[in-house]
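Just a sequence and a predicted model for now, questions to come.
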Amino acid sequence: MGIDPLAAAVTGVLAAQIMEVPAYIQRAAGAAVHQDIFAEAGAILRVPPPYRRLAGWAGHAVLAVAITFTYAMFFAAVGSNHLVWWGLLAGAVHGTLGGVAVGAWPDLCPRILGRLAAPGVFYRHYGSRDVLTFCGGHLLFGLVAGVCYPALHRGLPFGAAL
């Protein structure tokens with residue numbers, strides 16, 4: 001099975017958006033979720049506040065496409081069966097690496113308008129809801145990658161995800 005760049009790119013953009021849905025739904029419902037990856041990414045890019053979320057959304061999507069190419073290489077290495085399960089495993093590894101990176105380099109998540117401190121490993125300084133949302137979001141990324149990539153890949157059978 002070869003890598004399909006278009007399938008990886010589309011999957012990356014979709015997965016990047018879907019992984020953030022739990023945080024935004026909780027925030028819309030009034031729950032105390034402090035992480036805001038789009039605002040954080042815009043702050044990392046040093047974009048002025050009015051455009052921060054839009055720039056962060058684009059930057060997050062570009063990063064997700066690059067990460068999804070890594071998933072695609074992993075999927076090619078493990079074969080073309082049960083990719084949803086391999087995607088969940090990759091999402092767990094992705095989340096573990098991301099969670100450590102967030103804590104190891106606090107400058108990756110600069111204070112947004114001075115309202116938030118450094119998040120710590122797995123966003124633990126923001127509370128358990130943020131830790132669960134972060135981890136769940138990365139598993140969701142892997143799930144979306146494991147379903148969408150084989151569905152969009154021209155060389156894979158429809159049932160490759162399962």
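Happy to help now that I have it.

does residue 81 sit in a helix, a strand or a coil?
Assigned with DSSP: H, G, I helix; E, B strand; the rest coil, residue 81 falls in the coil class.

Tell me, how many residues neighbour it?
15 (other CB atoms under 10 Å). C-betas here are computed from N, CA, C, even on glycine.

Roughly how far does it sit from residue 157?
The gap separating residue 81 from residue 157 is 9 Å, by CB to CB, to the nearest Å.

One more: residue 73?
20 Å.

in this protein, which helix or strand is least confident?
helix 37-44 (a mean of 84; mean pLDDT, DSSP states H and E).

Please pull up the helix or strand immediately following it.
Following helix 37-44 in sequence order, the next helix or strand is helix 52-78 (DSSP states H and E).

which other helices and strands contact the helix or strand just after that following helix?
Later in the chain than helix 52-78, the nearest helix or strand by DSSP H and E is helix 83-104. Helices and strands touching helix 83-104, as assessed by 3 or more CB pairs under 8 Å, 6 or more residues apart in numbering; DSSP states H and E, comprise helix 52-78, helix 128-152.

Out of the ones you listed, which is closest to residue 26?
Proximity to residue 26, assessed across the helices and strands packed on helix 83-104 by CB to CB, is greatest for helix 128-152 (6.6 Å).

residues of that closest one that come out buried?
Neighbour counts over helix 128-152 (16 or more other CB atoms under 10 Å) mark 129-131, 133-135, 137-152 as buried.

And stretch 79-91, by the same measure?
For stretch 79-91, using 16+ other CB under 10 Å, the buried residues are 80, 83, 84, 86, 87, 88, 90, 91.

got a list of what the last one touches?
Pointing back at residue 91 there. Residues near residue 91 by CB atoms under 8 Å, 6 or more residues apart in numbering: 138, 139, 140, 141, 142, 143, 145.

Out of the residues you listed, which comes closest to residue 1?
Out of the contacts of residue 91, the member with the shortest distance to residue 1 (by CB to CB) is residue 145, at 14.6 Å.

Quick check, the closest one in contact with residue 89.
No. Using CB atoms under 8 Å, residue 145 is not in contact with residue 89, being 10.8 Å away.
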